[in-house]
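Chemist: mind looking at a prediction? Sequence and model below.
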Amino acid sequence: MMKVYLDHAATTPLDKRVLKAMTPCLTSVYGNPASLHFAGREALRALDAARDRVAELLGAEPSEVYFTSSGSEADNWAMKCAARAVRRRTGRDKIVLSALEHHAVLGSASFLAEEGFRVCRVLPGQDGICTPAAFAREIGQDTALVCLMTANNEVGTVQPVREVAAAAHAAGALFFTDAVQAAGYMDIGKSALQADMVSLSAHKFYGPKGVGALYVKRGTPLCPLIHGGEQERGLRGGTSFPAGAVGLAAALSYAVEEREENNARIRDVRDCFLDMLFNETDGVSLNGDLLRRIPSNANVSFAGVDGGMLLHRLDLAGIAVSSGSACMSGSTEPSHVLTAMGLPADRVRGAVRFSFGRDNTREQAEYAVRTLQRLVSELRGE
């Protein structure tokens, strides 16, 4: 039985070149970067070099890059601490964000609502894209923070980040974008997104799990989320993870340097999959705009089929896919993204996310389609 991994939106395999770059910090460079002795200084040099490289790739200054344990931590930090800092300075208490956001952002917004912030969620169209006009209608002089992810983790749609950032800044609000899903496929640099804060996570672009980063534009008000130490220039307590930082920097370097080639390869296999599936299978619908999406994503609904059951059958057939965000894999709730897009309940129920990577082949795509056709027919009782 062929095994095919089509869940790269959940995580990507670790690049062997990244592991090689990390190895010294996992073995011989073992000091704590906060220690003042020779072992600590050696670890600090590795950490600083990684920060310098990430800053260079983002077109930022090293002082604007903070390492975190994950994209979710970076999201929580940006949301909770920036909003609080702005309210203390200005009294602004409104947060405007898309209904498409990752649960780390939505959960942070709900938490802030309990602290008295007013939260407004902007709905996307049925194409899975929020319009700048929809955001502009909600942004005002009382807005502290505006949030719109760069690319959606479930349907892959690319959002009009620059335009919404401009609307936020025109009203004097901060703008934050979760670029976790976009980092491996798009330019998420300072000038490209025009954001005050950008989050990313290494394991989404062939780096290690357990490390992320938050870009914070100089002058952006921010307070600590994790207290208890002077790490990350006094804004994030906790022992630094040099190996993770080195891995993130190496993975981001390869992602940027090889982006055009990888995107073309991934898009070719994904489109092969979609062409075969739609040409030879009845009752299938693509969720989200066909063109304005990252090249890895194909979120498809199968009429008359339960997506969770299909996912289970695909797993038994050696094909790894997802029904949505990996962070909510144990949830029985329907996808908040597809629901926000206004799709019918049966289409939401029948959705499966296929996310392709640079090592997938056309042969694997064909195997996945043939397997899908058999399983969908069985589940429909045909």
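Modeler: Perfect, thanks for sending it. Residues are numbered from 1 along each chain as shown.

Chemist: mind listing residues that contact the lowest-mean-pLDDT helix or strand in the chain?
Modeler: Within the chain, judged by mean pLDDT, DSSP states H and E, the helix or strand with the poorest mean is helix 231-234; its value is a mean of 89. Contacts to helix 231-234, defined as CB atoms under 8 Å, 6 or more residues apart in numbering, come from residues 33, 34, 63, 66, 67, 224, 237, 238, 239, 240. The C-beta positions use only the backbone N, C-alpha and C, and glycine is treated the same way.

Chemist: who wins on neighbours among those?
Modeler: Among the contacts of helix 231-234, the one with the most neighbours (other CB atoms under 10 Å) is residue 67, at 26 neighbours.

Chemist: okay, the contacts of helix 231-234 in TSV with distance to residue 88, pLDDT and secondary structure next?
Modeler: TSV is the format used below for the contacts of helix 231-234 (distance: CB to CB, whole Å; pLDDT from 0 to 100; DSSP: H, G, I helix; E, B strand; the rest coil):
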residue	distance to residue 88	pLDDT	secondary structure
33	31	95	coil
34	29	92	coil
63	22	97	helix
66	20	98	strand
67	25	98	strand
224	14	89	coil
237	20	90	coil
238	24	93	coil
239	29	90	coil
240	28	94	coil
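
Chemist: next SSE after the least confident helix or strand of the chain?
Modeler: Sequence-wise, the next helix or strand downstream of helix 231-234 (DSSP states H and E) is helix 242-257.

Chemist: elements contacting that next one?
Modeler: helix 16-26, helix 38-58, strand 65-68 (3 or more CB pairs under 8 Å, 6 or more residues apart in numbering; DSSP states H and E).

Chemist: how about those in TSV, adding distance to residue 296?
Modeler: Compiled in TSV, the helices and strands packed on helix 242-257 are given as follows (distance: least, CB to CB, whole Å):
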stretch	distance to residue 296
helix 16-26	18
helix 38-58	20
strand 65-68	23
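
Chemist: these: which one's closest to residue 355?
Modeler: helix 16-26 (19.6 Å; CB to CB).

Chemist: give me the angle between the closest one and helix 38-58.
Modeler: Using axes from the mean of the first three to the mean of the last three CA atoms, to 10 degrees, the direction of helix 16-26 lies 150 degrees away from that of helix 38-58.

Chemist: check which residues of the least confident helix or strand of the chain are buried.
Modeler: Judged by neighbour count (16 or more other CB atoms under 10 Å), helix 231-234 contains these buried residues: 231, 232.

Chemist: could I get it in PDB with only the CA atoms?
Modeler: C-alpha atoms of helix 231-234 as PDB (Å, rounded to 0.1, in the frame of the first residue of the first chain):
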ATOM      1  CA  GLN A 231      15.200  36.800  27.700                       C
ATOM      2  CA  GLU A 232      14.100  38.300  24.400                       C
ATOM      3  CA  ARG A 233      15.100  41.800  25.600                       C
ATOM      4  CA  GLY A 234      13.000  41.500  28.700                       C
END
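
Chemist: any idea how far it is from the middle of the chain?
Modeler: 24 Å (CA atoms, centre = their mean, to the nearest Å).

Chemist: equivalent analysis for stretch 371-382, please.
Modeler: Between the mean C-alpha location of stretch 371-382 and the chain-wide mean there is a distance of 32 Å, by CA atoms, centre = their mean.

Chemist: which parts of that stretch are buried?
Modeler: For stretch 371-382, the buried set under the neighbour-count rule, 16+ other CB under 10 Å, comprises 371, 372, 373, 375, 376, 379.

Chemist: same thing with stretch 217-224?
Modeler: Going by neighbour count (16+ other CB under 10 Å), the buried part of stretch 217-224 is 217, 220, 221, 222.

Chemist: can I assume the last one sits in a strand?
Modeler: The reference is to residue 222. No: read with DSSP: H, G, I helix; E, B strand; the rest coil, residue 222 is coil and lies in no strand.

Chemist: please tell me how far it sits from residue 359.
Modeler: Residue 222 sits 38 Å away from residue 359, going by CB to CB, to the nearest Å.

Chemist: please enumerate the strands of the stretch 251-382 of the chain.
Modeler: Under the criterion DSSP state E, counting those that start in this stretch, the stretch 251-382 of the chain carries strands at the ranges 284-286, 297-302, 319-320, 351-355.

Chemist: packing partners for the shortest one?
Modeler: Put plainly, it is strand 319-320. Strand 319-320 sits against strand 4-5, helix 362-379, with contacts defined as 3+ CB pairs under 8 Å, 6+ apart.

Chemist: between the last one and strand 351-355, how many degrees?
Modeler: With the same axes, to 10 degrees as the basis, helix 362-379 and strand 351-355 are set at 170 degrees to each other.

Chemist: quick one: average pLDDT of helix 362-379?
Modeler: The pLDDT scores in helix 362-379 average 97.

Chemist: what about dumping the CA coordinates of that helix to CSV?
Modeler: Only the C-alpha atoms of helix 362-379 are listed here, as CSV (Å, rounded to 0.1, in the frame of the first residue of the first chain):
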residue,chain,number,x,y,z
ARG,A,362,1.9,13.2,-9.7
GLU,A,363,1.9,9.5,-9.1
GLN,A,364,0.8,10.1,-5.5
ALA,A,365,-1.9,12.6,-6.6
GLU,A,366,-3.3,10.0,-9.0
TYR,A,367,-3.3,7.4,-6.3
ALA,A,368,-5.1,9.8,-4.0
VAL,A,369,-7.8,10.5,-6.6
ARG,A,370,-8.4,6.8,-7.4
THR,A,371,-8.6,6.0,-3.7
LEU,A,372,-11.0,8.9,-3.1
GLN,A,373,-13.2,7.8,-6.0
ARG,A,374,-13.6,4.3,-4.5
LEU,A,375,-14.1,5.5,-0.9
VAL,A,376,-16.6,8.2,-1.8
SER,A,377,-18.6,5.8,-3.9
GLU,A,378,-18.7,3.3,-0.9
LEU,A,379,-19.7,6.0,1.5
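
Chemist: appreciated, that's everything.
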